[in-house]
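A.B. asks: one predicted model, sequence on top.
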Amino acid sequence: MKKLHIKTYGCQMNVYDSDRMQDLMENVGYETIDTPEGADMVIINTCHIREKASEKLFSDLGRIRPHKNKKEEDGGQMIVAVAGCVAQAEGEEIFKRSKVVDIIVGPESYQTLPDLVGKAIRDKKKQINLDFVPDNKFDVFRELASNVGDAGSSYLGGSSRRVSATKGVQKSSDFVTVQEGCDKFCTFCVVPYTRGAEYSREVSKIVDDAKRLVDQGVSEIYFLGQNVNAYHGLDVNGEPASLAKLIEEVAKIDAVKRIRYTTSHPRDMSDDLLAAHRDIEKLMPFLHLPIQSGSNSVLKGMNRKHTRQDYFKIIEKLRAARPDMGLSSDFIVGFPGETDRDFEDTMDLVRKIGFTQCYSFKYSPRPGTPAADAKIQVEESVKDARLAELQKLLTEQQIEFNKKAEGQVMPVLFEREAPKSGRSSPSPLEGEGGVRGKIQLWGKSPWLQSVIVDVESEEEAKKYFGKIADVKVLKSRPSSLVGEIFE
Ligand code: 5AD
Ligand code: SF4
């Protein structure tokens, strides 16, 4: 069997895309290995959002070079593909800067990867495909699914590792892409350029995916999209359906026990979605709703098209709909022109809302985005200080939220199986200081907290794999809870 190594940077969308590329290549006879050593193919799936994205790529490529040379000395061939958002953004430039690369493929065209690999090997020519054709991408995966029967579910949603004969790791929660791309053009962000315009999949196709996943033992469906609450896929009558409607349809599937969605934009928090949080019990009481800044003038500069007051209003309505709602957000500090006063507005908003867990970043200019050309860039030392101050507050809030769980009984969805090799989730069997001789179960609370429970034996552990059970929380840690099964 030919060997494939994939390195993934960035968001959940990229992890998902890497899984799909793995599916595609496994379908044409590759198996996945953990290092580039001896590989017949290496894929680097890149992220353009973080700082120094292309520097990271070229240093990775530098490290791959000796492996590629060795492979050739041994009479073989190693195909190196660069995928993801850096590929989309930099295109042909990558060929110019690194001789190691054979294929450049974008996030909306990677369904053509087996084809490109075939051509690269046969014609000994470099290949590039940066087309935006999401419709075509999903159709390719559907076709693969119908060709390979049951195992095909992995092409549509969820992880190849869950159904892959070679890996055999099963999961209790899995992602289904429902929407891709973004039309919002926040002035700091590359996504609209690298992932293209908003595109929503049809309701019936998503419902089919969810059904196939639950047949594989999944009970939590996690809808994925760059702008997931802008979802407007067609229903059976050919009418656009909202995300709330989609949630309602998937909630009708008995074996689906939990539904989540990410990532949302405040502008698309429609009233029916807020109502869904009140009416649909399977919809978990947790929302990741990036605001980026608490200052109206910064929000304006970011082209967010919402104010801090809009955000407060949404949170108020959400909490009225679901009083136990847990909230998470993304923040950028040091956006061009951000003053001390603006930053204080962000701190004030965080204090007033109270988040359960958040992501925060220093602004980093992305070439080609409007904010990158702004004259008044904030000094690095100021960004550092603001980030440290914000993160201190966010960590305190997270610790406080976890502390509140102590003594509470909550339903926990346990992993279906202890992951054997973990790209996806931490092994429940390691770390966290479990009691010797006992087995640690690992699961998720409704608020996305990791929950760890000790059980006596492997047999007992198996009773809980993939199931939801009540857990009494004994102790909280900054990023997890420790509890016992509550019967
Ligand atoms: N600089 C810093 N953070 C950024 N993000 C996106 N682009 C940038 C940038 N240029 C952050 C935003 C977004 C998250 C995924 O990454 O907070 O919500
Ligand atoms: Fe980027 Fe803004 Fe679109 Fe989010 S909404 S993907 S931050 S442009």
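C.D. replies: All right, it came through fine. Ligands and ions are numbered 1, 2, ... in the order given.

A.B. asks: helices or strands up against the lengthiest helix in the chain?
C.D. replies: In the chain, assigned by DSSP state H, the helix with the most residues is helix 380-404. The contact analysis (3 or more C-beta pairs under 8 Å, 6 or more residues apart in numbering; DSSP states H and E) places helix 380-404 against strand 326-333, helix 340-353, strand 357-362, strand 468-477. Where you see a C-beta, it was placed from the backbone N, CA and C, and this is true even at glycine.

A.B. asks: ranking the ones you listed by burial, who's on top?
C.D. replies: Here the criterion is mean neighbour count by mean count of other C-beta atoms under 10 Å, and of those the winner is strand 326-333, at a mean of 22.

A.B. asks: quick revisit: let me have the helices and strands packed on helix 380-404 in a markdown table, extended by distance to residue 236 and mean pLDDT.
C.D. replies: Formatted as a markdown table, the entries for the helices and strands packed on helix 380-404 read as follows, by distance: least, C-beta to C-beta, whole Å; pLDDT from 0 to 100:
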| stretch | distance to residue 236 | mean pLDDT |
| --- | --- | --- |
| strand 326-333 | 33 | 97 |
| helix 340-353 | 39 | 98 |
| strand 357-362 | 37 | 92 |
| strand 468-477 | 30 | 97 |
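
A.B. asks: could these go into TSV alongside distance to ligand 1?
C.D. replies: Converted to TSV, the helices and strands packed on helix 380-404 look like this (distance: least, C-beta to the nearest ligand atom, whole Å):
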stretch	distance to ligand 1
strand 326-333	3
helix 340-353	12
strand 357-362	4
strand 468-477	26
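
A.B. asks: and those as CSV, adding distance to residue 287?
C.D. replies: CSV is the format used below for the helices and strands packed on helix 380-404 (distance: least, C-beta to C-beta, whole Å):
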stretch, distance to residue 287
strand 326-333, 6
helix 340-353, 12
strand 357-362, 12
strand 468-477, 20
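
A.B. asks: of the ones you listed, which is nearest residue 243?
C.D. replies: Closest to residue 243 of the helices and strands packed on helix 380-404, according to C-beta to C-beta: strand 326-333, at 17.4 Å.

A.B. asks: touching the closest one from outside, list them.
C.D. replies: 188, 285-293, 302, 315, 318, 343, 346, 350, 353-363, 383, 386-387, 390, 401, 446-448 (C-beta atoms under 8 Å, 6 or more residues apart in numbering).

A.B. asks: give me the buried subset of those residues.
C.D. replies: Among the contacts of strand 326-333, those classed as buried by 16 or more other C-beta atoms under 10 Å are 188, 285-293, 302, 315, 318, 343, 346, 350, 353, 355-358, 360-363, 383, 386-387, 390, 401, 446-448.

A.B. asks: still on that earlier bit, the longest helix of the chain vs strand 468-477, what angle?
C.D. replies: 120 degrees (axes from the mean of the first three to the mean of the last three C-alpha atoms, to 10 degrees).

A.B. asks: buried residues in the following helix or strand past helix 380-404, which are they?
C.D. replies: Sequence-wise, the next helix or strand downstream of helix 380-404 (DSSP states H and E) is strand 409-414. By 16+ other C-beta under 10 Å, the buried positions in strand 409-414 come out as 410, 411, 412, 413, 414.

A.B. asks: so, if you compare those, which one comes nearest to ligand 2?
C.D. replies: residue 413 (27.9 Å; C-beta to the nearest ligand atom).

A.B. asks: quick one: the closest one and ligand 1, what's the gap?
C.D. replies: Distance of residue 413 to ligand 1, computed by C-beta to the nearest ligand atom, to the nearest Å: 25 Å.

A.B. asks: could you do residue 231 as well?
C.D. replies: Distance from residue 231 to ligand 1, counting by C-beta to the nearest ligand atom: 18 Å.

A.B. asks: near ligand 2, list only the ones from the buried ones among the contacts of strand 326-333.
C.D. replies: Contacts with ligand 2 within the buried ones among the contacts of strand 326-333, counted by C-beta under 6 Å from any ligand atom: none were found.

A.B. asks: the most centrally placed residue in the chain: what's it in contact with?
C.D. replies: By C-alpha atoms, centre = their mean, the chain has its centre lying nearest to residue 12, at 1.6 Å. By C-beta under 8 Å, 6+ apart, residue 12 lies in contact with 175, 224, 262.

A.B. asks: now the last one, nearest residue through space, not along the chain?
C.D. replies: Counting by C-beta to C-beta, 6 or more residues apart in numbering, residue 262 lies nearest to residue 288, which is 4.8 Å off, once chain neighbours are set aside.

A.B. asks: ramachandran angles for that neighbour?
C.D. replies: For residue 288, the backbone dihedrals are phi -100, psi 110 (criterion: degrees, to the nearest 10).

A.B. asks: for it, list each beta-bridge partner.
C.D. replies: residue 328 (DSSP bridges).

A.B. asks: my read: it touches residue 266, true?
C.D. replies: No. Applying C-beta atoms under 8 Å as the test, residue 288 and residue 266 come out as separate, 11.5 Å apart.

A.B. asks: which residue does the stretch 301-450 of the chain bring closest to ligand 2?
C.D. replies: At 7.3 Å from ligand 2, residue 304 is the closest residue in the stretch 301-450 of the chain, using C-beta to the nearest ligand atom.

A.B. asks: mind checking the SS state of that residue?
C.D. replies: Put simply, residue 304 is coil when judged by DSSP: H, G, I helix; E, B strand; the rest coil.

A.B. asks: wait, it sits on residue 290?
C.D. replies: No. Judged on C-beta under 8 Å, residue 304 makes no contact with residue 290 at a distance of 9.2 Å.

A.B. asks: shared neighbours, those two?
C.D. replies: Residues touching both residue 304 and residue 290 (C-beta under 8 Å, 6+ apart) are residue 266.

A.B. asks: so what's residue 45 scoring on pLDDT?
C.D. replies: Model confidence at residue 45, given as pLDDT, is 95.

A.B. asks: show the contacting residues for residue 270.
C.D. replies: Residues near residue 270 by C-beta under 8 Å, 6+ apart: 229, 242, 243, 244.

A.B. asks: from those, which is closest to ligand 2?
C.D. replies: Among those, and counting by C-beta to the nearest ligand atom, the member closest to ligand 2 is residue 229, at 10.5 Å.

A.B. asks: can you check the pLDDT for the closest one?
C.D. replies: On the pLDDT scale, residue 229 gets 97.

A.B. asks: can you give me the neighbour number for it?
C.D. replies: Neighbour count of residue 229, defined by other C-beta atoms under 10 Å: 23.
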